[in-house]
Structure formats: C-alpha cells, structure tokens
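*Asks:* Sequence first, predicted coordinates after that:
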Amino acid sequence: EAAVTQSPRNKVTVTGGNVTLSCRQTNSHNYMYWYRQDTGHGLRLIHYSYGAGNLQIGDVPDGYKATRTTQEDFFLLLELASPSQTSLYFCASSDRDIYAEQFFGPGTRLTVL
Amino acid sequence: AQSVTQPDARVTVSEGASLQLRCKYSYSGTPYLFWYVQYPRQGLQLLLKYYSGDPVVQGVNGFEAEFSKSNSSFHLRKASVHWSDSAVYFCALSAGVVGQLTFGSGTRLQVYA
C-alpha cells in the first residue's frame, strides 16, 4: 500500500533555531509536496518537486528551503525559525497527472517559541 | 487566480441525519475538483474527485458530490451520517497545473449520537 511517512511527528524549537522536517514516500511517485495547515487557511503549498534535484516554489515559500535528494526523500528546512512558522506541516506525493490523488503523510506539528 | 470557499467552519448533525457540506470555487476555466477528509491526528485522504461528465460523482463511504457550473459549487452530501464521519473536510481545486491544489479552509463535522 502507498505510504508517506514524516519525521519527527512533533518538534519544539526556539526563535532563530534550525529545523529540518523529513518526508519519505514509497509510492514511486514523481511529485512531492510540503504544505502547512493553519486554522482558517486550510492547506497552503510551501514547496514541491517533480523529481530528485528539482524544486518548485509554492504559494508561501518565504522562510523555507527544501531539498529533494532522491525520488523517495523530500526535506523542508527552516534555517531561522520564527513563531509565525508554528504550524502543522504535511508532506504529500502524487503521480504526474493533473487529476492524480495526493497521498498525505500524518503530519509534523512544529512549535517555535 | 483561483480560490475555494467553504462557508461553514463547523457543522453539527445527529447520527442518521443527512448532510451537506458547501464548497464554492472561483476559477475562470474548467476546474478539477476534489474533496478530502482529515480524521483526527491523520493526514488527508481523498473522498472523491470530479473533472467532467455526470455532475454527481460518487465517493467512498457513501459520500457523493454535485458539481454546478452555474453556481460555481461542488457540494458534498451524504444521506445518513455515522459518528465515525466526524472529521474535517476540505474542498480543493486544481487549475490544470500538476500538483497545484488550492484548498478551502475546511469544515469541521461533528456527528452526535
């Protein structure tokens, strides 16, 4: 069965801290995504990738970097975390198809103090 | 630019009652439309999707949605809800670019016995 895993599941850091969120998919999908979920906003796309070494900017990229090291692994980096980045982060993957379902991981709750 | 509006942040219904969750979209072209559900402490899962054809589309667990181009709507329905349907429901739109979904803010459904 298709699977997207995320680590850590919970993370607390301080303002200015350095955080890396990890995502791995075993779906053999080309596309991977990072979203943040905030009350009243639904999910907003931060970055996405359509293959190893590729990175595309989403709708809310400021303060975030991302790297796609392999087809399976996609990382989200917060190099100088701020309290405004306190959120629930989801990773997802999909086939290369406009109509394709996105498969989501369980999420990482990040708190920046 | 496209947008998705879910006007009801919370909906409460009794078990066995019928349900409608509203979704309105704004997009000048032909949209790809999706409904996702998020159960507590889980990622999002696809309920159903629509692009063309019969405006009433069937999904999992007895859910269906009806597309209306004239009303720019894609409302989700269920004839008889169960307590296990309690979750957050998201409507999403794709403007035809792979991977770029625009989500609504979500509707939290609570089903009471």
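*Replies:* Now that the structure is in, tell me what you want to look at. Everything quoted here is computed from the prediction, not taken from an experiment.
*Asks:* Looking at chain B, which residue is nearest chain A?
*Replies:* Ranked by C-beta to the nearest C-beta, the top residue of chain B for proximity to chain A is B:Gly43, at 3.1 Å. The C-beta positions use only the backbone N, C-alpha and C, and glycine is treated the same way.
*Asks:* Just confirm that residue contacts A:Gly107, I think it does.
*Replies:* Yes - between B:Gly43 and A:Gly107 there is a contact at 5.9 Å, judged by C-beta atoms under 8 Å.
*Asks:* What segments of chain B are strands?
*Replies:* Using DSSP state E, the strands of chain B run over B:3-5, B:10-14, B:19-21, B:24-26, B:32-38, B:44-50, B:56-58, B:64-68, B:73-78, B:87-94, B:101-103, B:107-112.
*Asks:* Dump the ones you listed into a markdown table; add mean neighbour count and mean pLDDT as well.
*Replies:* Putting those into a markdown table (neighbours: other C-beta atoms under 10 Å in any protein chain shown; pLDDT from 0 to 100) gives the following:
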| stretch | mean neighbour count | mean pLDDT |
| --- | --- | --- |
| strand B:3-5 | 16 | 95 |
| strand B:10-14 | 13 | 97 |
| strand B:19-21 | 18 | 98 |
| strand B:24-26 | 17 | 96 |
| strand B:32-38 | 23 | 95 |
| strand B:44-50 | 20 | 94 |
| strand B:56-58 | 13 | 97 |
| strand B:64-68 | 18 | 97 |
| strand B:73-78 | 20 | 98 |
| strand B:87-94 | 23 | 95 |
| strand B:101-103 | 22 | 91 |
| strand B:107-112 | 16 | 96 |
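*Asks:* To A:Asp59, which of those strands lies closest?
*Replies:* Evaluated with C-beta to C-beta, the strands of chain B place strand B:101-103 nearest to A:Asp59, the distance being 8.3 Å.
*Asks:* partners of the closest one, with directions?
*Replies:* Strand B:101-103 has its sheet partners listed here by DSSP bridges as strand B:87-94 (antiparallel).
*Asks:* for the closest residue to A:Gln56 other than its chain neighbours, helix, strand, or coil?
*Replies:* Distance criterion C-beta to C-beta, 6 or more residues apart in numbering or on different chains; nearest residue to A:Gln56, sequence neighbours excluded, is A:Tyr48 at 5.0 Å. The three-state label for A:Tyr48, taken from DSSP: H, G, I helix; E, B strand; the rest coil, comes out as strand.
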